[in-house]
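# this one's sequence-less:
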């Protein structure tokens, strides 16, 4: 059980740290308007980070690698949904990208692992 929890947390940290870095390096806050170029590049990088996060969770999982990737995707989706209810949030493009592209990316990353 503990190894499963660590696998999911580690996977989510891969995504979370990557997301923070993408926005920090881009000089944009996640809820601020951004150029179309930044939205496309950051979303593509976010998908890659999500795939990596699902892969890490699946590799560390003691069993059921896809299930662990699904849980990471669920955490990504839950974070995006919770962020949408933030009254101080300006735009919602990053949350929509996380829901539509990145959460499924974690499952795809997990499916790359064959145990």
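Perfect, thanks for sending it. Please read all numbers here as calculations on a predicted model, not as lab measurements. Residues are numbered from 1 along each chain as shown.

# For stretch 27-34, buried residues please.
Residues of stretch 27-34 classed as buried by neighbour count (16 or more other Cβ atoms under 10 Å): 28, 30, 31, 34. Yep, even glycine has a C-beta here, placed from its N, CA and C like the rest.

# would you list these in TSV and tack on distance to residue 5, pLDDT and secondary structure?
Listed next are these as TSV, based on distance: Cβ to Cβ, whole Å; pLDDT from 0 to 100; DSSP: H, G, I helix; E, B strand; the rest coil:
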residue	distance to residue 5	pLDDT	secondary structure
28	32	87	coil
30	26	77	coil
31	30	78	coil
34	34	89	coil
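
# Quick check: the gap between residue 22 and residue 80.
Counting by Cβ to Cβ, to the nearest Å, the gap between residue 22 and residue 80 amounts to 15 Å.

# now do residue 70
15 Å.

# related to what we said a few turns ago, of the buried residues of stretch 27-34, just say which sits nearest to residue 84.
Nearest to residue 84 among the buried residues of stretch 27-34: residue 31, at 9.9 Å, using Cβ to Cβ.

# which residues sit in contact with the closest one?
With contacts defined as Cβ atoms under 8 Å, 6 or more residues apart in numbering, residue 31 is in contact with 83, 86, 88, 89, 90, 91, 92, 94.
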